[in-house]
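Colleague: Return a 3D structure for these sequence lines:
(one chain, ligands or ions: 1)
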Amino acid sequence: MPLLDPVFPTEAALPACARDLLAALYPTVRWDRVSFHAALPPWLLRFTDIAITLPDPLTLRHIRIFVAKEKWDPRSMAWLGTLVHESFHVLQYQETLGGIGLGPLRIFPVKYLGAALLMGEGGAKKNRYEKPAYEHEELFLKSAKGLSICGEGGGLDRAALAELLRRNPGLVKRTTRG
Ligand SMILES: [Zn+2]
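Modeller: I've put the predicted structure just below:
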C-alpha cells in the first residue's frame, strides 16, 4: 500500500520456521493477506511496546503484525509466543471482517480501528479479545517447553511440531468460537 508506506515500517521476511508453525496452528487463516513488520510504527508506541496487529485501514482485507524491534528475535521462544498471540488476533479479524470490503462498511472502520487499538499488549488481559490470545500464547509456551521447534538452519522441526501437537492438539485453532 504505497500510500501508507511512510507510516508503516517496512515489511520483514518471516523465517520459514515461524511461517510453517503459524500455518500449522492456524490452518484457516489467509496468510497471503498478512504481513509482518519488525518494528512498531512510532504513532502506535503509546498503545504497546511489544506487538500489535491491525487491519490495513484502507482495505481491511490486509492485516499487519507489528513486533517491536527489540522483541524481534527469531531465536527466542518469547518471539514465537508473541507471533502465536498476534496470529490469534489475525484469526479474530478475519472471522469478523470475513468477505467484507471497505465499501459496505464506510463509517464503521474508524470505530473499528479505535477498538483495535485497544488490543495493544499490556494492561489489557481482561479485554475479551485479549484473554483468549494470551491463553493461546501461554498454552503454546507451556506445551513447547523443551522442544526445539526451529531446527538448525531456520527450518521447522517436523518431529518437534508433531510432539507439540501430541501434547496439546488444542493448539490448532480453526476458529475462535470454541
Ligand atoms: Zn493481543
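
Colleague: which phi and psi does the spatially closest residue to Ser35 that is not a sequence neighbour have?
Modeller: Nearest residue to Ser35, sequence neighbours excluded (C-beta to C-beta, 6 or more residues apart in numbering): Glu11, at 4.8 Å. To be clear about C-beta, it is placed using only N, CA and C from the backbone, and glycine gets the same treatment. Dihedral angles of Glu11 (phi, psi; degrees, to the nearest 10) stand at phi -60, psi 140.

Colleague: got it, and Ala38?
Modeller: phi -90, psi 40.

Colleague: In contact with it, which residues?
Modeller: 9, 12, 67, 69, 72 (C-beta atoms under 8 Å, 6 or more residues apart in numbering).

Colleague: one more time with 7 Å, if that's ok
Modeller: 12, 67, 69, 72 (C-beta atoms under 7 Å, 6 or more residues apart in numbering).

Colleague: Can I get whichever strand or helix holds Val90 in PDB, CA atoms only?
Modeller: Taking DSSP states H and E as the definition, Val90 sits inside helix 77-97. Provided in PDB are the C-alpha atoms of helix 77-97 (Å, rounded to 0.1, in the frame of the first residue of the first chain):
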ATOM      1  CA  MET A  77      10.600 -18.700  22.200                       C
ATOM      2  CA  ALA A  78       9.100 -15.500  23.500                       C
ATOM      3  CA  TRP A  79       9.200 -14.200  19.900                       C
ATOM      4  CA  LEU A  80       7.400 -17.300  18.700                       C
ATOM      5  CA  GLY A  81       4.900 -16.900  21.600                       C
ATOM      6  CA  THR A  82       4.300 -13.300  20.500                       C
ATOM      7  CA  LEU A  83       3.600 -14.400  16.900                       C
ATOM      8  CA  VAL A  84       1.200 -17.100  18.200                       C
ATOM      9  CA  HIS A  85      -0.600 -14.400  20.200                       C
ATOM     10  CA  GLU A  86      -0.800 -11.900  17.400                       C
ATOM     11  CA  SER A  87      -1.900 -14.500  14.900                       C
ATOM     12  CA  PHE A  88      -4.800 -15.300  17.200                       C
ATOM     13  CA  HIS A  89      -5.900 -11.700  16.500                       C
ATOM     14  CA  VAL A  90      -5.500 -12.300  12.800                       C
ATOM     15  CA  LEU A  91      -8.000 -15.100  13.100                       C
ATOM     16  CA  GLN A  92     -10.300 -12.800  15.100                       C
ATOM     17  CA  TYR A  93     -10.100 -10.100  12.400                       C
ATOM     18  CA  GLN A  94     -10.600 -12.500   9.500                       C
ATOM     19  CA  GLU A  95     -13.600 -14.000  11.200                       C
ATOM     20  CA  THR A  96     -15.100 -10.600  11.900                       C
ATOM     21  CA  LEU A  97     -14.200  -9.000   8.600                       C
END
